[in-house]
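Quick one, fold the following:
(4 chains, ligands or ions: 2)
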Amino acid sequence: MSYHDLTVREVQDEIIKEFSLFDDWMDRYDHLIEEGKELPVMDEKFRKSEYLVEGCQSRVWLYPEFTDGKVYFKAESDALIVRGIIALLVKVLSGRTPDEIMDADLYFIEETGLRQNLSPTRSNGLLAMLKQMKLYAIAYKAKKES
Amino acid sequence: MSYHDLTVREVQDEIIKEFSLFDDWMDRYDHLIEEGKELPVMDEKFRKSEYLVEGCQSRVWLYPEFTDGKVYFKAESDALIVRGIIALLVKVLSGRTPDEIMDADLYFIEETGLRQNLSPTRSNGLLAMLKQMKLYAIAYKAKKES
Amino acid sequence: MINKSAVFDIDKIRSDFPVLSCTVYGKKLVYFDNGATTQKPKQVINAITEAYSKYYSNIHRGVHALSDISSEKYESARERIRSFINASAKEEIVFTSGTTASINLVAFSFGERYISQGDEVLISELEHHANIVPWQMMCERKDAHLRVIPVNDDGTLHLEDLDHLITEKTKIVAVSQVSNALGVIVPVKEIIEKAHEKNIPVLVDGAQGIQHGHVDVRKLDCDFYVFSGHKVYGPTGIGVLYGKREWLEEMPPCQGGGDMVERVTFEKTTYNELPFKFEAGTVNFVGAIGLATALEYIEATGMDNIVRQEADLKVYADERIKATGGIRVYGNTQNKISIISFLIDKIHPYDAGLILDKMGIAVRTGSHCAQPIMARFGIDGTIRASLCFYNTREEIDILIAGIEKVKSMML
Amino acid sequence: MINKSAVFDIDKIRSDFPVLSCTVYGKKLVYFDNGATTQKPKQVINAITEAYSKYYSNIHRGVHALSDISSEKYESARERIRSFINASAKEEIVFTSGTTASINLVAFSFGERYISQGDEVLISELEHHANIVPWQMMCERKDAHLRVIPVNDDGTLHLEDLDHLITEKTKIVAVSQVSNALGVIVPVKEIIEKAHEKNIPVLVDGAQGIQHGHVDVRKLDCDFYVFSGHKVYGPTGIGVLYGKREWLEEMPPCQGGGDMVERVTFEKTTYNELPFKFEAGTVNFVGAIGLATALEYIEATGMDNIVRQEADLKVYADERIKATGGIRVYGNTQNKISIISFLIDKIHPYDAGLILDKMGIAVRTGSHCAQPIMARFGIDGTIRASLCFYNTREEIDILIAGIEKVKSMML
Ligand SMILES: Cc1ncc(COP(=O)(O)O)c(C=O)c1O
Ligand SMILES: Cc1ncc(COP(=O)(O)O)c(C=O)c1O
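Numbers count the residues shown, from 1 in each chain, chains lettered A, B, ... in the order given. Ligands and ions are numbered 1, 2, ... in the order given. Below is the predicted model:
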């Protein structure tokens, strides 16, 4: 089973269920680090400044591809916990149509307690990455329609 | 009797005694206004910018003369209460030797409750005038000795 | 609205402001110096205490919990200010240390970007020094010229001259929304429209406007709007610069330091995005939180209630002043806020101020940091009673009694 | 001295700082982010509350009683600062909104007066962005050049280069007293002596120095000394610029506005005397009062006690860190304050910071607004634990446990 067979909602519910097993933050971080390990390592060739999402502390790269009406994301970070969060975002949003991405209500961020890491006051590049994902979706949609 | 026959201390004690008759500020201001009336009006010719003591709100002029080893002050202000305070300062310090002026401990300011009006935070020109009086004394003393 | 008016309980409101129950020289304080600075409701004081006691930490920097809370409070404060003046976006709200700093920032940064030799800056004759001197300094550096909209005898601007004064060379117009020295309301909307016809941006000095009525920067369509926290029931050391994004994006930063940069090398430094580009160093985030709380207080009280109460005080004060002999009011127009700037016969305003002070009445005397408008009227200064919504008719009665006392003593 | 040491009661001291008894994520807060900003003792918080509740009014302006009290408190605050750093005169103490504003003021005003094309400004490689960017901006405007004293591998300045770096063209030297990123103490006295041999003035950025030891600007003989209130247990939005009178007299003002002028006409404006020339507009006088109270608190606690306690913490932290494997400390010299800047093996500092945060430990991670010194060491950032006198050995133990936890999770 690939995550792409599930809806945005179903993937999020899955993630929330997994997180609900941990009541301690260290376990959650452990879990995030594990999630990060499942994210394919991004090829060096994509780690260029044009794919770099500016964030003060950890570096985050994001590379999009548009195939068969769907957007696929490759992503990378030099910090492991950040990488784990990225892995979740990719799990939820990669392989979706532009509309699905644009309309996605990412409630899992709140329910897994990750909101803090994605808040505008955390300068770790994650929020910028999420915004960038939505922007790509808008751009691809416009392209498709024109 | 002229005030010049009394010592700096005696004049101040006199002033304090007079003020002690009033326990109300309005009476004290009335008294100050009366004192101001006793101050000779300064001749227009002295009301020049070089004798103006800069103060934000009321204008204060001070003109010194050095005769027979003593410093005589003429002073003026466009505000009446300020004029009254000036009159007191002139009463105490005019007609004194430079040493007397320089050494004068003006405790009457505190004891008459006028300290507020002569504080550095009141930008009415009074404190600047007092400083200027002492500066003239220093200057005349230096002149005399050289 | 009528409901809201009903809940305007002056006693309750006064009890929110601790300083209003002070006594001076054994007399009840009558605080009529609101133009200089306003008192703070206890909600604002408590917000400051809470910030320093419960979650204080530097913002935008740490990865830790307290830093998150402080940062969030700070950014919510920015959002509160945005919504209070109805700006389009938070990025257009820059925190500064006050009106003076805001105007200096614009004068410098706008000047660096847009002003060259021979250009002109247009201000008015009734400006506060804060809206004169920064432009003078910039004009001197750039070899540009300051032009001035003159003032009529009643304290209103002589707008007929505007068409001549706005020239090809005019690069920016800077005017007060309300004159601090006279209380006169300036028709800024009209000035903005005229200036925009020629594509010239307008800065509105709202230091005396923000606290006395609804401000909608989008409706006004001003390009810059500035005000001070301490004059709108907030703390000292905090102020706001609103600027349209199109200008702020183009203008270079005024100060360099931490948080306003993206990347620093000795060869080249790139700047952070808006609004941070203009917020160098550790900002007064506790001040910003205090200011946001003050604006919340105003919203809870109701700006309509405030406007109504202040209008009532103005009418009553005008009546009583008119009935008192020998008073000359400067800014003799109906289009005013609750500021009365006046002289009593030939009495020096400083003398009057001293006597009123001893009666517990706090007014300001002097030139009100607006010497040019005083010179326009051929005077050194006035007595200024500046009222706001927590003042009362009874306090006006005390002022009138004070004026009578001044007259009886000085004449 | 020994007596004083005896009265240093850490429990009492900690109870003075409300935030220190916070819990985060249910854990006791360990606040090791003092380099970013320090907590406030309740004495400071109370002084602020009192100012806003008992006598609040604008300064230097009114003729009324409250204005007098505020003005006196403000000017006493200035005197307190003067005596704390042993300046010769109150006129040499200018209140600003912080270190960043102070440096920008000097860079601008000194630049306007003394810097021309081809001149040089000398800073060091370990400066905070606040002591880099303002000089870059000024050099760009004036077509002058920035020169940089390099840093050795242990984080100390490579002073051997000083003789070459100070040239005929050098007009000012600006260096930190203590590096915020590494904690390294800079031999400013030596630099000042060298610069003065060639009559070049020196600005000392005391943002990380003022809170950790006695500062005597006359002994140092620095020409400018700047610091922030919020890093020395005072409020946000207030800072200090000390300048020798001879420089301040000559330098033009940086900002225009109320209170900094003597007389304003549209043709010509003359400026007020020192220090008011540099204090445009309504200053953060409540902030100044809060800062003075903080300095009083330090004096009451005893700077010697503070220095001794912090030295003890430093020694203990060094020992424990050394005994923990895989840690690389940046700024590897004995001549340091109680700041430890480090990396754990190959672990990203942000990851470490996240985990420490969840253990209740507040550290700062990243480049500490000092990217050039990070680049010097070929890194993006570090984990910085910055301790001060209210911290304890037990808290260091918690940090060490935290580091072990980070290692066990990340390696
Ligand atoms: C050495 C140094 N200089 C300057 C600053 C800037 O201080 P502020 O942000 O208070 O203006 C800091 C504080 O981060 C610092 O540590
Ligand atoms: C119209 C106007 N502009 C500017 C200012 C300056 O404000 P601040 O002193 O808070 O910077 C004032 C306050 O006196 C004012 O009334």
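
how about the most centrally placed residue in chain A, what does it touch?
The structure's chain A has its C-alpha centroid closest to residue A:89; by C-alpha atoms, centre = their mean the separation is 2.1 Å. For residue A:89, the contact set (C-beta atoms under 8 Å, 6 or more residues apart in numbering or on different chains) comprises A:73, A:75, A:126, A:129-130, A:133. In this view, the C-beta of every residue, glycine as well, is placed from N, C-alpha and C.

for residue C:337, same thing?
Contacts of residue C:337 (C-beta under 8 Å, 6+ apart): C:178, C:183, C:185, C:208, C:212-213, C:310, C:314.

Could you pull up the contacting residues of residue 118?
In the absence of a named chain, chain A is used. Shown in contact with residue A:118 (C-beta under 8 Å, 6+ apart): A:85, A:109, A:126-127, A:130.

Let me rephrase: I mean chain C.
So residue C:118 contacts C:143-145, C:169 (C-beta under 8 Å, 6+ apart).

Separate out the buried members of those.
Among the contacts of residue C:118, those classed as buried by 16 or more other C-beta atoms under 10 Å in any protein chain shown are residue C:144.

Need the contacts of residue C:118 in CSV (columns: distance to ligand 1).
What follows is the contacts of residue C:118, written out as CSV (distance: C-beta to the nearest ligand atom, whole Å):
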residue, distance to ligand 1
C:143, 33
C:144, 31
C:145, 35
C:169, 38
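
any idea how far residue A:102 is from the residue of chain A most remote from its centre?
The outermost residue of chain A, judged against the average C-alpha position, is residue A:146 (27.3 Å), by C-alpha atoms, centre = their mean. In this view, residue A:146 and residue A:102 are 16 Å apart by C-beta to C-beta, to the nearest Å.

follow-up on the earlier one: per-residue pLDDT of the residue farthest from the centre of chain A, please?
At residue A:146, the pLDDT value in this model is 76.

Helix or strand: which one has the residue nearest the centre of chain C?
In chain C, the C-alpha nearest the mean C-alpha coordinate belongs to residue C:207, at 0.9 Å (C-alpha atoms, centre = their mean). Under the criterion of DSSP states H and E, residue C:207 resides outside all helices and strands.

thought it was touching residue C:176?
Yes: with contact defined as C-beta atoms under 8 Å, residue C:207 reaches residue C:176; the gap is 7.4 Å.

Common neighbours of the two, please.
In contact with both residue C:207 and residue C:176: residue C:128, using C-beta under 8 Å, 6+ apart.

list the contacts for residue C:356?
For residue C:356, the contact set (C-beta under 8 Å, 6+ apart) comprises C:362-363, C:383, C:399, C:402-403, C:406, D:64.

So which of those residues reach ligand 1?
Among these, not one lies near ligand 1 by C-beta under 6 Å from any ligand atom.

Would you mind measuring from the residue in the stretch 51-200 of chain C positioned nearest to chain B to residue D:91?
Relative to chain B, the nearest point of the stretch 51-200 of chain C is residue C:129 (12.3 Å; C-beta to the nearest C-beta). Here the distance between residue C:129 and residue D:91 works out to 21 Å (C-beta to C-beta).

How about residue C:238?
From residue C:238 to residue D:91 the distance is 27 Å (C-beta to C-beta).

Pull out the buried residues from stretch A:103-116.
If you call a residue buried by 16+ other C-beta under 10 Å, then stretch A:103-116 has these buried ones: A:104, A:106, A:108-109, A:112, A:114.

List the contacts of the residue nearest to residue C:264 when sequence neighbours are not counted.
Counting by C-beta to C-beta, 6 or more residues apart in numbering or on different chains, residue D:371 is the residue found nearest to residue C:264 once chain neighbours are left out, at 4.6 Å. Contact analysis of residue D:371 by C-beta under 8 Å, 6+ apart lists C:263-265, D:129.

from those residues, which ones fall inside strands?
Under the assignment DSSP state E, the contacts of residue D:371 contribute C:263-264 to strands.

Looking at the buried residues of stretch A:103-116, which are in helices?
Residues of the buried residues of stretch A:103-116 located in helices (DSSP state H): A:108-109.

Make CSV out of the buried residues of stretch A:103-116 and add distance to residue C:411 and pLDDT.
Converted to CSV, those look like this (distance: C-beta to C-beta, whole Å; pLDDT from 0 to 100):
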residue, distance to residue C:411, pLDDT
A:104, 79, 94
A:106, 76, 93
A:108, 79, 95
A:109, 74, 92
A:112, 79, 92
A:114, 76, 90
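
one step back: could I get the contacts of residue A:89 as a markdown table with pLDDT and distance to chain D?
Output for these, formatted as a markdown table (pLDDT from 0 to 100; distance: C-beta to the nearest C-beta, whole Å):
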| residue | pLDDT | distance to chain D |
| --- | --- | --- |
| A:73 | 96 | 21 |
| A:75 | 95 | 16 |
| A:126 | 84 | 11 |
| A:129 | 88 | 14 |
| A:130 | 91 | 17 |
| A:133 | 94 | 21 |
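
Are any of those buried, and if so which?
A:73, A:75, A:126, A:129-130, A:133.

now, which of those residues sits nearest residue B:94?
For these, the residue nearest residue B:94 by C-beta to C-beta is residue A:126; the value is 77.7 Å.

can you pull the contacts of the closest one?
Contacts of residue A:126 by C-beta under 8 Å, 6+ apart are A:55, A:60, A:82, A:85-86, A:89, A:117-118.
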